[in-house]
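# Mind folding the following:
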Amino acid sequence: MVNIIWMVLIATGILYGLFTNNLETINTTIVDSTKISLEMLFKIFPVLALWMGITKIAEASGLLKKLSNKLSPLLTKFFPEIPKGHESLSLIASNMIANIFGLGSAATPFGLKAMSSLQKLNKNKKVASRSMITFLVINTSGLTIIPTTIISLRMMYGSSEPTKIVFACIISTFFATLGGILIDRFLARRYKN
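The predicted structure follows:
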């Protein structure tokens, strides 16, 4: 659906440019945006590669598993429907840890595996389970301590203090996660049946 929306927006922009005789502006915009995208890729890639490498080392050393095990008791409070020791809890914990360290691209595989594992526990396969909804809320709110992508973008655009945003990100993502969890719990109790 999102692809269709983007295609319509792009086609509308190009058609508008053709009808208003702005072909030069369209060509310049396409070339400039391609150049900016490539520059962004070259500047963000090293930072992401570094953090994904650190995550891979943490996973291979067992640190990620230890952090997941420490987080699992807390997760059983948010996901009481998941049996204790089920693989879903460790996948959710791994996803949350990767998100906390600002590694959204590293968190995605864990999130997809967690949803797949939660779907196996789901009794009604056509409707998202309570645990799936809670996980989606927590994952979407994205509690972050080290916002690597934002730091990379600020570095790319020449910020004198690219890490100055970290404290604001911690506060905003904390309250987004807290608000999401409170609303999720409220709605879960309200629509229990």
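
# okay, now the residue lying closest to Leu64 once chain neighbours are set aside: neighbour count?
The shortest distance from Leu64 to any residue other than its chain neighbours is 4.7 Å, reached at Ala58 (C-beta to C-beta, 6 or more residues apart in numbering). Where you see a C-beta, it was placed from the backbone N, CA and C, and this is true even at glycine. As a burial measure, Ala58 scores 18 neighbours (other C-beta atoms under 10 Å).

# my read: Ala58 touches Lys65, true?
No: judged on C-beta atoms under 8 Å, Ala58 makes no contact with Lys65 at a distance of 9.1 Å.

# ok, which stretches of the protein are helices?
For the chain, the helices defined by DSSP state H cover 2-19, 23-61, 63-78, 87-100, 104-121, 130-141, 148-156, 166-190.

# Of those, flag the one that's most buried.
helix 87-100 (a mean of 23; mean count of other C-beta atoms under 10 Å).

# how distant is that helix from the center of its chain?
The chain centre lies 12 Å from the centre of helix 87-100; the measure is C-alpha atoms, centre = their mean, to the nearest Å.

# mean confidence for stretch 26-37?
The average of the pLDDT scores along stretch 26-37 is 84.

# Name the residues that touch it?
Outside stretch 26-37, the residues within contact range by C-beta atoms under 8 Å, 6 or more residues apart in numbering are 13-14, 17-18.

# Throw the residues you listed into TSV and include pLDDT and distance to Asn124, thanks.
Below are the contacts of stretch 26-37 laid out as TSV (pLDDT from 0 to 100; distance: C-beta to C-beta, whole Å):
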residue	pLDDT	distance to Asn124
Gly13	85	42
Ile14	84	44
Gly17	84	48
Leu18	85	50
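
# Please name the nearest non-neighbouring residue to Lys123.
Nearest one to Lys123, counting by C-beta to C-beta, 6+ apart, is Ser129 at 7.5 Å.

# I figured the one you found hits Met115, correct?
No: between Ser129 and Met115 there is no contact under C-beta under 8 Å: 10.1 Å.

# From Ser94, how far out is the residue sitting furthest away from the middle of the chain?
Here the centre of the chain is the reference, and by C-alpha atoms, centre = their mean the most remote residue is Asn21, at 40.3 Å. As judged by C-beta to C-beta, to the nearest Å, Asn21 and Ser94 stand 54 Å apart.

# Sweet, I'm off.
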